[in-house]
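Visitor: Sequence first, then the predicted structure:
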Amino acid sequence: MNLVSIRIITAHIESMISFYEQITGIAALHYTPDFAELKTATTTLAIGSTRTLQFFGGESVAQPAENRSAIIEFLVDDVDKEFDRLRTVLSSHIVQEPTTMPWGNKSLLFRDPDGNLVNYFTPVTKESVEKFTGKQ
């Protein structure tokens, strides 16, 4: 089994696509006006409008801007550099400036336009670096 994508459902598809293109530097692939994907080396972030919910059984199956349990995480080379690059873009969305966590990652937490929590992180301890380089 392989996790291949995470899909965000939103009522504001264009602003969400634009936000994720800006923070990742990845151009979204627009398949329809209601669906786009940002592909990384390891997974895909899909963004669908609420209109796509009709294909999954109706609007009650997912509610946009209601997530309070999942964190969308991106492994980045240098979280401090990313924070400097995105500081003005994220100024009103910052939850936590770069902070070293007890498990060895330095994390920057912020919210996307729908309020979803996003974590940019860089492994900084020996154990954490080894975990993400496959040298365990």
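Guide: Alright, I've got the coordinates.

Visitor: And the helices in this structure?
Guide: 13-24, 79-90, 126-133 (DSSP state H).

Visitor: And the ones you listed: which comes nearest Pro102?
Guide: helix 126-133 (10.5 Å; CB to CB). Every residue, glycine included, has its C-beta placed from N, CA and C.

Visitor: Please name every helix or strand in contact with the closest one.
Guide: strand 117-123 (3 or more CB pairs under 8 Å, 6 or more residues apart in numbering; DSSP states H and E).

Visitor: unless I'm mixing things up, Ala11 is touching Gln63, no?
Guide: No - contact status for Ala11 versus Gln63: not in contact, 9.7 Å apart, counting by CB atoms under 8 Å.

Visitor: Comparing the helices of the chain, which stretch has the densest surroundings?
Guide: Stretch with highest mean neighbour count among those: helix 13-24 (a mean of 18; mean count of other CB atoms under 10 Å).

Visitor: and the helices of the chain as JSON lines, adding mean pLDDT?
Guide: JSON lines is the format used below for the helices of the chain (pLDDT from 0 to 100):
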{"stretch": "helix 13-24", "mean pLDDT": "97"}
{"stretch": "helix 79-90", "mean pLDDT": "95"}
{"stretch": "helix 126-133", "mean pLDDT": "90"}
